[in-house]
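Participant: make a model of this:
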Amino acid sequence: AAADEAAGGASRVLSLRLLSLRRTSPEQLFARKVATKEFGDALQWAQHYAMSTDPVRQAQWADAGVSAHSIQDYLDKVGDVAWLLHECCSRVPDEAEPLRLLLEYGEKRATKELDLRHLRRAGEAPTPAAEGGEAAAAAEEGAPGEGSGTMSTSASASTLSEEQLLETRDRLRRYRERLETSVALCAEESGEELRDEDDAFEPAAFAGLRDCSLRAEAERMAAAARFGAVRVLFERHAAELGGARLAVLEEAPETAEPYEYVEVLALLLEEALGGAEAEAEEVEEAAEGAGGAEGAGAAEAEGRAAGARLTRAGMAAWFCQRARQIDERSGALDHALSLLRLGAEWGLQPELQPSIELAEQLLPLVYELGEPVSLVGFEALSPYARLELLMSHCPAHTVEQGAAPAAAAAATAASAVTAAAASAAAAVAA
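Facilitator: Numbering: from 1, shown residues only. Coordinates of the predicted model:
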């Protein structure tokens with residue numbers, strides 16, 4: 001009014017009328033402060049009325065990006081461990097490193113809760129100050145402050161059974177492992193030269209991979225001829241996929257040239273032919289994957305590793321079976337033969353040579369003369385029957401040089417069949 005009088009010499013009178021009074025509880029006002037993101041006022045209100053600060057820290061966490069700072073300043077101050085661990089399992093930031101930090105923190109927090117329970121059962125439970133840091137210390141002293149008026153860190157975990165805590169910790173460990181696999185897969189399929197694999201990270205790809213069946217995912221990749229991705233899964237999850245890796249490769253298109261997935265085949269053959277050292281490494285990896293299991297858990301891990309091992313005999317049998325499968329499904333006998341030759345080149349020559357010879361005998365019959373015989377059917381014939389079939393296509397006379405193109409082609413086919421017949425005859429004589 002004084003300002004108005006100085007400006008124009010006139011005064012203004014305001015009339016206010018109180019229409020209603022409404023009682024508001026401290027809890028309602030606190031909730032309103034949190035909803036409007038007045039976090040400083042909300043914390044003071046909680047301290048004054050000895051209320052849990054969890055809603056404030058949860059809202060601050062939701063409002064902030066995932067980082068070492070937000071984990072330490074907000075998430076770590078939440079007393080509701082069930083909610084906290086759920087956040088660690090469900091939240092997926094846009095970058096790999098913050099996600100890595102979050103998963104590591106969740107695993108450590110779950111481990112801490114389990115350790116506290118074990119100590120409590122042994123009668124060696126630490127003081128609240130040791131359990132919950134500054135907040136619990138304030139609660140122990142009876143002073144109002146963060147954590148005061150709510151459950152202590154371990155008490156808040158009582159809503160989770162020990163079994164649930166173990167399951168959550170195992171899930172977080174699996175997520176950490178799948179995160180590194182997801183980063184490697186994204187880098188493998190990015191098609192770019194990356195300074196850091198983390199640059200290729202895709203949150204949606206990780207979200208799809210973290211809970212899926214690795215075997216189903218590997219089969220899907222093989223069917224799509226994504227052999228680089230299949231190799232990443234085989235390298236990183238050999239113990240988990242075990243012998244199913246061979247079944248995964250059977251999902252590859254039969255029309256795909258085996259040389260397209262030679263790196264995957266080489267990986268499996270090196271493992272199968274690697275001997276005792278490779279087996280020992282698999283047992284160790286399986287034990288680590290079981291989260292340091294003791295007693296029966298360690299035995300179970302070793303059993304899984306034993307089932308995961310690939311053997312020389314098993315690989316040789318698979319190469320022969322897969323060659324038959326390729327020919328049976330697609331008629332691509334040349335691909336079946338290429339697969340057998342690859343196996344022989346990588347150390348299975350003694351086991352695969354008989355199958356290679358049969359495929360080489362059959363090849364001219366199928367491709368040069370159109371004989372409707374499958375590899376399975378040709379193998380089922382006796383050596384004499386195979387020789388008779390080949391001899392029936394051998395020419396009774398030679399074709400002179402300078403003949404017409406058709407005759408020259410016939411001569412080529414005849415020559416191939418004759419060579420195959422000679423191979424079959426040698427087998428009969430042996």
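
Participant: using the three-state scheme, assign residue 393.
Facilitator: Reducing the assignment at residue 393 to three states with DSSP: H, G, I helix; E, B strand; the rest coil gives coil.

Participant: so it is in contact with residue 361, correct?
Facilitator: No. Assessed by C-beta atoms under 8 Å, residue 393 is found out of contact with residue 361, at 11.4 Å. The C-beta positions use only the backbone N, C-alpha and C, and glycine is treated the same way.

Participant: compare those two and say which is more crowded by neighbours.
Facilitator: Remark: of residue 393 and residue 361, residue 361 carries more neighbours, 23 against 18, as counted by other C-beta atoms under 10 Å.

Participant: helix or strand for the residue nearest to the spatial centre of the chain, which one?
Facilitator: Most central in the chain under C-alpha atoms, centre = their mean is residue 178, positioned 4.3 Å from the mean C-alpha point. In this structure, residue 178 sits in helix 162-190 according to DSSP states H and E.

Participant: what does residue 239 give?
Facilitator: helix 238-241.

Participant: quick one: distance of that helix to the chain centre.
Facilitator: Computed by C-alpha atoms, centre = their mean, to the nearest Å, the chain-centroid distance of helix 238-241 equals 11 Å.

Participant: do the same with stretch 248-268
Facilitator: Relative to where its chain is centred, stretch 248-268 has its mean C-alpha point 20 Å off (C-alpha atoms, centre = their mean).

Participant: name the residues that touch it?
Facilitator: Defining contact as C-beta atoms under 8 Å, 6 or more residues apart in numbering, one finds that stretch 248-268 is touched by 215, 218-220, 222-223, 225, 227-228, 230-231, 234-235, 241, 245-246, 310, 315, 322, 325-326, 329-330, 332, 335, 338-339, 342-343, 346.

Participant: next, the buried residues of that stretch.
Facilitator: By neighbour count on 16 or more other C-beta atoms under 10 Å, the buried set for stretch 248-268 is 248-250, 252-254, 256, 258, 261-262, 264-265, 267-268.

Participant: how about those residues, which pair is most distant?
Facilitator: In the buried residues of stretch 248-268, two members sit farther apart than any others by C-beta to C-beta. They are 254 and 267, at 20.7 Å.

Participant: for residue 171, give me its contacts.
Facilitator: residue 89.

Participant: let me know the pLDDT of it.
Facilitator: Listed pLDDT for residue 171 reads 97.

Participant: how close does it sit to residue 117?
Facilitator: 18 Å (C-beta to C-beta, to the nearest Å).

Participant: likewise residue 242?
Facilitator: 34 Å.

Participant: more neighbours: the two, which one.
Facilitator: residue 242 (20 against 17).

Participant: now the more buried one: phi and psi?
Facilitator: Reported as degrees, to the nearest 10, the phi and psi values for residue 242 are phi 60, psi -140.

Participant: neighbours of residue 37, how many?
Facilitator: Neighbour tally, residue 37, other C-beta under 10 Å: 12.

Participant: before we move on, back to that, got the buried residues of stretch 248-268 as JSON lines, with distance to residue 87 columns?
Facilitator: Shown next, in JSON lines, are the buried residues of stretch 248-268 (distance: C-beta to C-beta, whole Å):
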{"residue": "248", "distance to residue 87": "34"}
{"residue": "249", "distance to residue 87": "39"}
{"residue": "250", "distance to residue 87": "41"}
{"residue": "252", "distance to residue 87": "40"}
{"residue": "253", "distance to residue 87": "42"}
{"residue": "254", "distance to residue 87": "46"}
{"residue": "256", "distance to residue 87": "43"}
{"residue": "258", "distance to residue 87": "47"}
{"residue": "261", "distance to residue 87": "40"}
{"residue": "262", "distance to residue 87": "44"}
{"residue": "264", "distance to residue 87": "38"}
{"residue": "265", "distance to residue 87": "43"}
{"residue": "267", "distance to residue 87": "37"}
{"residue": "268", "distance to residue 87": "40"}
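
Participant: quick one: which of those sit in helices?
Facilitator: Counting by DSSP state H, those place 248-249, 262, 264-265, 267-268 in helices.

Participant: mind putting these into a markdown table with distance to residue 48?
Facilitator: Compiled in a markdown table, those are given as follows (distance: C-beta to C-beta, whole Å):
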| residue | distance to residue 48 |
| --- | --- |
| 248 | 62 |
| 249 | 66 |
| 262 | 71 |
| 264 | 65 |
| 265 | 70 |
| 267 | 64 |
| 268 | 66 |
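
Participant: tell me the one of those residues nearest residue 196?
Facilitator: Using C-beta to C-beta, these come closest to residue 196 at residue 267, 24.7 Å.

Participant: what's the spacing between the closest one and residue 309?
Facilitator: Where residue 309 is concerned, residue 267 sits at a distance of 14 Å (C-beta to C-beta).

Participant: can you check residue 356 too?
Facilitator: Counting by C-beta to C-beta - residue 356 and residue 309 are separated by 26 Å.

Participant: and if you look at residue 253?
Facilitator: For residue 253 relative to residue 309 (C-beta to C-beta), the value is 28 Å.

Participant: also residue 124?
Facilitator: Taken as C-beta to C-beta, the span from residue 124 to residue 309 is 42 Å.

Participant: try residue 112
Facilitator: 36 Å.

Participant: sorry, back to before: so for residue 124 and residue 309, which residue has more residues nearby?
Facilitator: Between residue 124 and residue 309, residue 309 has the larger neighbour count (other C-beta under 10 Å), namely 18 against 9.

Participant: okay, that one: pLDDT?
Facilitator: Residue 309 is given a pLDDT of 80.

Participant: give the contact list for residue 93.
Facilitator: So residue 93 contacts 65-66, 99, 102, 203 (C-beta under 8 Å, 6+ apart).

Participant: low-confidence ranges, this protein, go.
Facilitator: Residue ranges of the chain with pLDDT under 70: 1-9, 125-158, 192-193, 275-308, 395-430.

Participant: how about the strands of it, start to end?
Facilitator: Across the chain, reading from the start of the chain, there are no strands by DSSP state E.

Participant: test my guess that residue 186 contacts residue 201.
Facilitator: Yes. Counting by C-beta under 8 Å, residue 201 is a contact partner of residue 186 at 5.8 Å.

Participant: shared neighbours of these two, anything?
Facilitator: Joint contacts of residue 186 and residue 201 (C-beta under 8 Å, 6+ apart) do not exist.

Participant: packing partners of the helix holding residue 239?
Facilitator: helix 214-223, helix 276-289, helix 296-308 (3 or more C-beta pairs under 8 Å, 6 or more residues apart in numbering; DSSP states H and E).
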